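A.B. asks: Turn this into a structure:
(one chain, ligands or ions: 1)
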Amino acid sequence: MPVGGPRTPLRVAIIGSGPSGFYSAEHLLSQDGVNVQVDMFDRVPTPFGLVRAGVAPDHQKIKSVTRVYERTAADDRFRFRGNVEVGRHIDHPDLMEYFHAVIYAVGAAADRRMGIPHEYLPGSHSGPEFVAWYNASPLDRARTYDFSGFRAVVVGNGNVAMDIARMLVLPADELARTDMARHAVTALAEGNVREVVMLGRRGPAQAAFTPKELREVAERDDIDVIVHPDEVALDPHSRHDAEQHPDRNRDQNLEILRELAARGDRGRDRRIIMRFLASPVSLHGTNHVEAVEVARNELYRGDRGALRARMTDDREMIPTGLVFRAIGYQGVPIAGVPFDPLTATIPNEAGRVIDPLDGSPRYGEYAAGWIKRGPTGIIGTNKPDAQETVETLLQDLRAGHLQRRVPSRRVLARLVGERQGDLTSWADWQYLDQTEQEMGAEVGAPRIKFARVETMMRFLGERDGS
Ligand code: NAP
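C.D. replies: Prediction:
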């Protein structure tokens with residue numbers, strides 16, 4: 001019986017339930033004439049990856065993309081197996097034995113290093129971990145932050161840096177009306193942070209944040225966004241690029257930044273100071289961060305025409321006890337799966353995993369999303385990315401590369417149940433989801449998120465009368 005035919009379903013494991021996992025599932029389940037079963041695993045009990053644990057709490061509209069994922073999950077051929085970690089409860093050989101194909105859609109779980117002295121002094125934090133903490137990720141619940149100081153420094157000039165800066169200065173009552181983790185709402189409300197300095201290592205024309213996010217803070221009346229006029233003036237290289245190569249995002253960013261530079265300081269008691277051509281050289285402090293030493297940079301044209309930053313001797317100290325490193329995410333290796341440490345991705349060709357040594361295909365193993373292409377793009381970028389991966393998988397199916405006998409879904413369910421008693425199903429998630437929304441409705445928030453696995457399990461146990 002051919003795999004994918006009426007009697008032998010194509011059994012696919014998807015590891016990770018973020019956008020790339022769900023778009024992969026959607027595309028697989030929409031194939032006419034392919035009998036397919038999808039089992040999606042996630043290491044936390046709840047689905048949606050960075051839509052739940054990454055998208056800023058005040059960006060609820062973006063999160064409504066989960067309605068599309070819910071339609072996929074409603075398909076009879078789909079199973080969600082939450083709170084199951086690959087590498088702990090099941091491993092690579094298990095996946096190879098129980099499925100015809102595995103799609104790794106695990107995202108980029110770590111953060112990049114700045115590579116400067118005293119980078120990890122207490123008080124210096126990973127931006128991605130902070131984002132996960134304020135979004136109630138149970139993996140990051142135990143972290144603590146000291147918001148007692150007036151100023152925080154956020155290194156990086158992307159949308160994550162922008163999200164962090166905004167969360168640090170938004171008024172507490174506004175945060176309380178979002179789905180921000182309650183522990184974060186309380187800690188920020190009790191804190192004193194009123195000024196955030198964002199450090200961009202290159203110039204305003206190379207900023208990675210998008211105009212919509214910049215405008216969002218620029219248009220607020222209660223927050224000053226301060227830009228130094230001399231830092232917003234373009235250097236000759238950037239001016240040349242701006243004249244020769246139109247770029248809508250860049251040009252809109254520049255327009256807003258120039259307006260901000262002209263507007264100046266309005267004396268609001270909350271402010272974001274956007275610095276450009278400014279790189280941290282070292283963190284200073286004895287047992288805790290006390291200051292960031294910053295170098296002024298200049299731009300030069302590097303390989304393939306890209307403008308790169310180089311430090312000058314011009315230095316300054318910015319006193320602060322709180323630093324966030326928001327300089328990008330980074331993929332982490334999975335035992336048994338090839339990994340390219342240079343790009344921190346799984347080496348692949350159109351989604352099919354390849355052997356890094358000789359480039360030979362590893363049929364049955366695929367990658368989608370950030371672990372496939374690196375941590376770039378918006379949520380929607382993952383749709384064509386996942387579709388490409390699934391098309392490659394189907395090509396391998398048609399070519400006969402996935403013809404193997406694998407155990408039935410019932411056998412898999414038994415194995416997973418033995419390895420992890422506390423796993424969650426889609427119905428469990430629906431119950432948690434509804435409970436979160438009901439708790440939120442009582443306080444005027446979209447939801448109150450569960451931030452601990454034990455609490456989620458207790459609620460599920462109470463529902464079941466156990
Ligand atoms: P990102 O867009 O790649 O930005 C990373 C920033 O860090 C860049 O400004 C980069 O500068 C800087 N950087 C890197 N290494 C540095 C170093 N050693 N020292 C100083 N600065 C350094 O990454 P991200 O902000 O983590 O966002 C990840 C993706 O998610 C992006 O595609 C982003 O647009 C998306 N996202 C979107 C939203 C939204 O739509 N609202 C929200 C959050 C995230 P260089 O440019 O000089 O390398």
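A.B. asks: Those residues of the stretch 201-350 of the chain touching the ligand, which are they?
C.D. replies: Contact residues, the stretch 201-350 of the chain versus the ligand (C-beta under 6 Å from any ligand atom): 201-202, 206, 208, 213, 279, 326-329. For glycine as for every other residue, the C-beta is placed from the backbone atoms N, C-alpha and C.
A.B. asks: Could you check how far Asn159 is from Pro375?
C.D. replies: Look at Asn159 and Pro375: by C-beta to C-beta, to the nearest Å, they are 11 Å apart.
A.B. asks: Please disregard the earlier target; I meant Trp133.
C.D. replies: Relative to Pro375, and taking C-beta to C-beta, Trp133 is found at 18 Å.
A.B. asks: Now go through the residues of the stretch 201-350 of the chain next to the ligand and say which are in strands.
C.D. replies: Under the assignment DSSP state E, those contribute 279, 329 to strands.
A.B. asks: Quick check: the residue of the chain nearest the ligand.
C.D. replies: Gly158 (2.3 Å; C-beta to the nearest ligand atom).
A.B. asks: and that residue, what does it touch?
C.D. replies: Residues near Gly158 by C-beta atoms under 8 Å, 6 or more residues apart in numbering: 208-209, 326-328.
A.B. asks: is it possible to export those to a markdown table including distance to Ile334, neighbour count and pLDDT?
C.D. replies: Output for the contacts of Gly158, formatted as a markdown table (distance: C-beta to C-beta, whole Å; neighbours: other C-beta atoms under 10 Å; pLDDT from 0 to 100):
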| residue | distance to Ile334 | neighbour count | pLDDT |
| --- | --- | --- | --- |
| Ala208 | 27 | 18 | 97 |
| Phe209 | 31 | 22 | 98 |
| Ala326 | 25 | 28 | 98 |
| Ile327 | 23 | 25 | 98 |
| Gly328 | 20 | 19 | 96 |
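A.B. asks: Export those residues as JSON lines, with columns for distance to Ala25.
C.D. replies: JSON lines is the format used below for the contacts of Gly158 (distance: C-beta to C-beta, whole Å):
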{"residue": "Ala208", "distance to Ala25": "30"}
{"residue": "Phe209", "distance to Ala25": "31"}
{"residue": "Ala326", "distance to Ala25": "30"}
{"residue": "Ile327", "distance to Ala25": "31"}
{"residue": "Gly328", "distance to Ala25": "27"}
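A.B. asks: for the residues you listed, which one is nearest Asp251?
C.D. replies: Phe209 (14.0 Å; C-beta to C-beta).
A.B. asks: Hmm, Gln252 and the closest one touching each other?
C.D. replies: No - judged on C-beta atoms under 8 Å, Phe209 makes no contact with Gln252 at a distance of 11.0 Å.
A.B. asks: residues contacting the nearest residue to Val36 once chain neighbours are set aside?
C.D. replies: With C-beta to C-beta, 6 or more residues apart in numbering as the criterion, Val36 has its nearest non-adjacent residue at 4.6 Å, and that residue is Leu10. When contacts are counted by C-beta under 8 Å, 6+ apart, Leu10 is found next to 3-4, 34-37, 100-101, 397, 402.
A.B. asks: which residues are there in the stretch 51-200 of the chain that come within reach of the ligand?
C.D. replies: Near the ligand, when you scan the stretch 51-200 of the chain using C-beta under 6 Å from any ligand atom, you find 112, 114, 155-161, 163, 200.
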